[in-house]
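Engineer: fold the following, please.
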Amino acid sequence: MTTVFDFELPKGFVDNAGVVHKKGKMRLATASDEIGATRDPRVMSNPSYLTIVILSSVITELEGLDAVTASVVERFFTADLAFLQDMYQRINDVAPPTMQVVCPDCGKIHEVAINFTREG
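Structural biologist: Sure thing, here's the model as predicted:
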């Protein structure tokens, strides 16, 4: 199972020396990443900051930087932030479980999602 994914930012992070950093790695998120981020004081005072905190946890590498911190993620260009948010959603997306069922009327086999939530 792949748990770390390479990426290349569309614009790139420009550090204080003017060097552009584009290539990096993002790992799959854990429950601890998401729970810890919601407890971060910056997120508690500004819920919009959640994305910044989570991305700073799951981006394990950005070429040429010692660490990717929230203050680094804050400085990403909007296009790069949108790219990373999309990547985070794609790599952490868990498809709902499915099963094959046979239609009692037509006899055709269909793939349907299993919903484990109980309504009503």
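Engineer: what about the helices in this protein?
Structural biologist: All helices of the chain, identified by DSSP state H, fall at 31-39, 41-45, 50-58, 70-74, 78-92.
Engineer: and the longest one, what's buried?
Structural biologist: So that's helix 78-92. 80, 81, 83, 84, 87, 88, 91, 92 (16 or more other CB atoms under 10 Å). C-beta: built from backbone N, CA, C; applies to glycine.
Engineer: can you name every helix or strand that the lowest-mean-pLDDT helix or strand in the chain contacts?
Structural biologist: In the chain, no helix or strand scores lower on mean pLDDT, DSSP states H and E than strand 98-102, which sits at a mean of 80. When contacts are defined as 3 or more CB pairs under 8 Å, 6 or more residues apart in numbering; DSSP states H and E, strand 98-102 sits against strand 109-113.
Engineer: adjacent strands (with direction) for the strand it packs on?
Structural biologist: Taking DSSP bridges as the criterion, strand 109-113 forms sheet pairs with strand 98-102 (antiparallel).
Engineer: C-alpha coordinates for the partner strand, CSV please?
Structural biologist: Output of strand 98-102 as CSV, limited to C-alpha atoms (Å, rounded to 0.1, in the frame of the first residue of the first chain):
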residue,chain,number,x,y,z
THR,A,98,-19.8,-2.0,-2.2
MET,A,99,-21.4,-5.3,-2.9
GLN,A,100,-23.0,-7.0,-5.9
VAL,A,101,-26.7,-7.4,-5.8
VAL,A,102,-29.1,-9.1,-8.3
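Engineer: fine by me, thanks again.
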